[in-house]
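**Student:** Give the three-dimensional model of this entry:
(2 chains)
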Amino acid sequence: MSVPGWVFRTSILTSLSIAAPWLAAVVVTGFRRQVRVFGCIAALLSIIASTALVWRAPHGESLYETLMLLFSSLTLGAILLLPRRDSEAGTIAGILVLLGSTLLAYSTGNLLALLGAWILSIVPFLWAGWFRSRAWRPAVAVLTSTLALALAIGFIAANTKIFSIGNLKGQSPGGIAAFTLLIVAAICRKGIIPAQAWVADAAESGPLVPSALLLNGHFGALLVVKLIVPLFPETDHLFPILSYLAIATAVFVAIRALAENSPRRLLAFLALSQSACILSGLESRTAEGITGALVHWVVVTVSTVGLFAILRLLEVRFGENLSASKHLGLAQHAPRLAVSFAILGLALVGLPGTLGFCSQDLLIQGTLTTHPLTGLLLPIATAMNAVSFFRLFSRLFLGTHRTGFTVMADALPRERWILAGIVLFVVLGGLFPNATVIEHSSEVDVVDEAIPTFDNLNRSTGYSYKNSSGQNPSKPTIK
Amino acid sequence: MNAFQDILVFVVVAPAFIFGVFALLWLLDWVPSERLLSWITGLTFAACTAGVTALVWKIASARSITVTFGNWFAVGSYHFPSVLTVDRLSIPFVALAAVLSGLIGQFSATYLHRESGFLRFFLLLHLFAFGSLLAFAAGSFDLLAAGWEIVGITSVLLIGFFERRPAPVENGLYVFGIYRACDVGLLVGIFAMHHWAGTASFDSGFPTLTGARAVVVCLLLLLAASGKAAQVPFSGWLPRAMEGPTPSSAIFYGAISIHAGAYLLLRAQPLLAQSVLASSLVIMIGTATAIHGTIVGRASADAKTSLAYATLTQAGIVFIEIGLGWKWLAVAHILGNATVRTMQYLRAPSMLHDYHQMHSAIGGQLSPTGKQLEEILPDRVQLWLYRWALDRGHLDTMLERWVIAPLSRLSTYLSRKDRALSPTTIRPGRAVQVSTAGLTQRGD
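**Tutor:** Sure thing, here's the model as predicted:
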C-alpha cells in the first residue's frame, strides 16, 4: 500500500507536528484521564512529522527541522520522566501547548505567526499560575519581551506592510527602533543581563520540567538567528554589545552560582550561564562560533532538561527540601540517577567524550577570535560553572551515609530508559560529532544568511569577517 | 594501517572499550563479579603491555608511529585532528601508563576486595588509563587536552571514592576547582596555537610560533602544567588528594597524573626553548616547588602525605631540568621517580609490618643518626620553618584568602541583593517538610 504524496508535503507535516500537541492539549483538558498517554501520542506524532521534515529538507537547510525534532523528542522524554504526582491534566496540557508553540516558532517564516507562538508559549505559565504571584520577575520578563516583540513587529509592519521574514531580509525594517525592541525582547526572554534574575525565580517557583522546557525553547536565541541577524545588516556596530552582555551574563551568573544552595536555582544559573554563551557564539561572526553556538544550543537543551527532570525525581523521592548546603548522600539509594546527573552536568560544562566538549571548543575558538579579551571570560565562566556543578553533585549525592530508607529509590525502568537515551545522545554525539549534530549545524542557513551580511559589512564599514586563523574568506567553508 | 598502527590504536582504545562495556552493563543492572572484573582488567593491561613492547621495539628503528583518523570535527578553517602518535618522547609515558595501570589493577583486586565501590574503582581505573594513554599518544594538543581532562575528572572522582565521608568529597571538589582553573590555560593556549600558527598538531612538526606569541603560549601551557603537577602555588591540593584509595594515590600522584604536567612541557619544549622568560619561569617554579616539597614533607605526619611531598620535590626538580632544556634527563628522572613512588605508595599501608619484619631480621631497632640538615639553622628559624611547613607553606591559606574568599563574598553579596528583590525565598512546589515524606514504594 503506497502512501499518498500529499502526506509528505512540508506544510502538511509542519501543521501536523504543531496541531497534534495542541489538539491533544484540548483533549487532555476535557477528558482528564490517561493524560500521559495522550501526551506521549501527541509528542510522538510531532516527532514523526519532524523526522519526515528533516528527511525532506534540502541538504544544508535542515536547522529548524532538526530543532523541531529535538524539541519534540525532549518533550516526549520529559512527559515520560514526569513523576506520577506531577502528571496532572493541567501540566501535560501546558507542556503540549508549549511544544506546539515552540514548533510553530521554529518553523514559521511569518512575523505574526512568530508573535503568536511567542505569546502561546507563555500562556500555560500565566494561565495556570506556574509563575507564582510572589515571584513577579518571570511574569514581568516574559510579558516585557512579548510587548517588545509586538511593538517591534508593529514598527516593521507600519514601515513595510510585509510580514514575511524572507522578504524583509537585509532591509533593516522599522529602523533602529524595531532593532532595539527586538534586542530587548531577546534579552528579556533569554535572561541576559539586566534581565537575568527571572530564570532562577521561574525554576524555583514554577514546576521544574515545564520550566526547563520553556527555558530551552531558546526563543531569545531564535529571535537573534531568525530576525535580528538577517534583517538588520546595517547595525553591525551594535551586535558586539549583545555579545558583551551575553558574556557578562555568563560570568555574572557563574559567580552568582558559586554560593547558591538551592538546587533548583543553582541548576537554573548553570543553564543560564551556559546558554548565554550561545548568543556570544552567534554574534562571533565566525563559522566556528556560529556552529559552536548551534551545537551548544542542542547540548544545553538536552542536558538541562535531563538535569531538571532528575532533580524533580529526587525531590519526589527524598522530599522537596533538598539543599546543597550539606551532604545528602543520595547516590547510595539512587546510583543510576546520580550517574546520569553527573554525565549530563559534565556534558553541560564540556567534559571530553561528550557533545559539550565539541560545542565548548568551537565556541571558545569563535568567541576568542572575535573578542580576544572579553572572550577569555568564556572559559573562565565555564570553569566556574564546572565547579558549581560538581559542588551540587557532590552535596546531593555524596558525602554521608544515609540510613532509614528501605525501599528502592533509583530510576524506575521507564525513567532509566529515557535517561539512558539522553546520556547516550550526549556521549555518542561527542564521540561522533560529525555524524550527529555538527553535520546538521554546519549546514545551517544561519551561516548562509549571515555571510552576505558580513560581505556587506566588509564593503560598507570596513569590518573584516574573520575565521579563527585570522584569514579573511568571503565565505567560510563548511566541511 | 600497518600492524604497529593497529597495535597503537588497540593500546589506547582497549581500556575505553572495557570501561564502556562494563558501564553499559551496570546501567542495565548487571554487576560483574570481582573475580571476572579483575581477570578482564589483568588481561586487558597484559595485552596493552605486550602491545607497548612491540611499539617500543618498532620505535627503536623508526622515529615515530602515527595513525591519522582525519578530523574529529571540522568547521570552517578550524579542525580538531584525530591523530595518535608515539615517538621517543611519548613511548616511555605510554609504557608507564599501561604497565602501572595493570599492576595497580592486580594490586587493587586484593586491596579493595569486598569494598562497596569495587566496580566503580575499576571502571574509573580503565577510564583513567584511557585518558592518560590518549594524552600521551595524542598527535595534537587538542587531543592531548581531551585525555588531560579525562585524567582530571577520574582523579577527582577517585579522591572522593569513599563517598560516605564528607572530607574526601570536599577535597575532591577542591582539587576539581584547581584543575579547572588551571585548565583554562591549556584551552586558551590551544586556541592561541590555532589562531597564530593555524594548527595545534605536533605529529609532523611543532606549530611555528615566535617572539611574544611563543611566550604567551608557553605561559598558558605552564599554567596548565603547574596545576596538574601541583607546582607552587597550586601545591595545596596534593595532600588533599591523599583521601583516595592507596592504589589510586599511587598511580595518580606517585606516577602518571603528577607527571602529566611535565609531559606537557616536554611536548612544548621546542616552544619553551625560544623563550628565556618562560624557561626561567619554569625553573623558578620548579625550584620553589622542590624547596616547598622538601620542607613541608619533613613536617608531614602521615606516610602518604610524606610520599606525596617527596614526589612533589622530585617533580619540581624535573621542572628545573625541563627549564634548563635537559629533556632526556627529565624523562629518565620521571620514569625513575614514578616507579619508585608507586612501589612506596603501594607499600605504605604495610609500612609498620615492613618495619617489624626489618627489625626482627636485624635483631633490633634501626638507630636514627639524629642528624638533619635543618639543624644548621638557628632555633628561631627552625621553629618558624616548622610552623610554615605545618601550614604547608600557607599556600592554601593564601588561595583561600585571596581567591576563594573574595569570590565567595562577591557571590554571597550578589545572592543577598538578588533575594532582596525577590520575595520567593520559601520552598517551591508542595511544601514537604520531612525529607522522607515523598518516598513511596515505587519511587514516585
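**Student:** Okay, now the unreliable bits of the stretch 1-150 of chain A?
**Tutor:** Flagging of the stretch 1-150 of chain A using pLDDT under 70 yields the residue ranges A:1-8, A:128-134.
**Student:** what about 90?
**Tutor:** A:1-11, A:29-34, A:54-66, A:84-88, A:90, A:123-139 (pLDDT under 90).
**Student:** Got the domain ranges for chain B?
**Tutor:** Each structural domain of chain B that the record assigns through automatic domain parsing is listed here as a residue range: B:3-351, B:379-414.
**Student:** mean confidence for the shortest one?
**Tutor:** When you say that, I think you mean domain B:379-414. With pLDDT averaged residue by residue, domain B:379-414 scores 93.
**Student:** what comes up buried for it?
**Tutor:** The neighbour-count criterion (16 or more other CB atoms under 10 Å in any protein chain shown) identifies B:385, B:389, B:392-393, B:395-396, B:399, B:411, B:414 as the buried residues of domain B:379-414. Where you see a C-beta, it was placed from the backbone N, CA and C, and this is true even at glycine.
**Student:** So which of the domains of chain B has the densest surroundings on average?
**Tutor:** Each of the domains of chain B was given a mean neighbour count from mean count of other CB atoms under 10 Å in any protein chain shown, and the largest, a mean of 21, is that of domain B:3-351.
**Student:** First-to-last residue distance for that domain?
**Tutor:** Across its full length, domain B:3-351 reaches 45 Å between end residues, using CA to CA, to the nearest Å.
**Student:** From the chain's centroid, how far away is it?
**Tutor:** Going by CA atoms, centre = their mean, to the nearest Å, the spacing between the C-alpha centre of domain B:3-351 and its chain's C-alpha centre is 5 Å.
**Student:** on that earlier part again, would you reformat the domains of chain B as JSON lines and include distance to chain A?
**Tutor:** Putting those into JSON lines (distance: least, CB to the nearest CB, whole Å) gives the following:
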{"stretch": "domain B:3-351", "distance to chain A": "3"}
{"stretch": "domain B:379-414", "distance to chain A": "4"}
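**Student:** Which of those domains sits closest to A:Ala185?
**Tutor:** Checking the domains of chain B against A:Ala185 by CB to CB gives domain B:379-414 as the closest, at 25.4 Å.
**Student:** Just the terminal-to-terminal distance for the closest one.
**Tutor:** In domain B:379-414, first residue to last residue: 48 Å (CA to CA).
**Student:** ok, now which ones touch A:Gly191?
**Tutor:** Taking CB atoms under 8 Å, 6 or more residues apart in numbering or on different chains as the definition of contact, the neighbours of A:Gly191 are A:141, A:198-199, A:215, A:220, A:249, A:272, A:275-276.
**Student:** Sort out for me which of those are in helices.
**Tutor:** With helices defined by DSSP state H, the entries of the contacts of A:Gly191 inside them are A:141, A:198-199, A:215, A:220, A:249, A:272, A:275-276.
**Student:** dump the residue contacts of the nearest residue to B:Gln269 once chain neighbours are set aside.
**Tutor:** The spatial neighbour of B:Gln269 that comes closest, neighbours along the chain excluded (CB to CB, 6 or more residues apart in numbering or on different chains), is B:Lys327 at 5.7 Å. B:Lys327 sits next to B:89, B:266, B:269, B:321 when contact means CB under 8 Å, 6+ apart.
**Student:** Can you flag which of these belong to helices?
**Tutor:** When DSSP H defines the helices, the subset of the contacts of B:Lys327 inside them is B:266, B:269, B:321.
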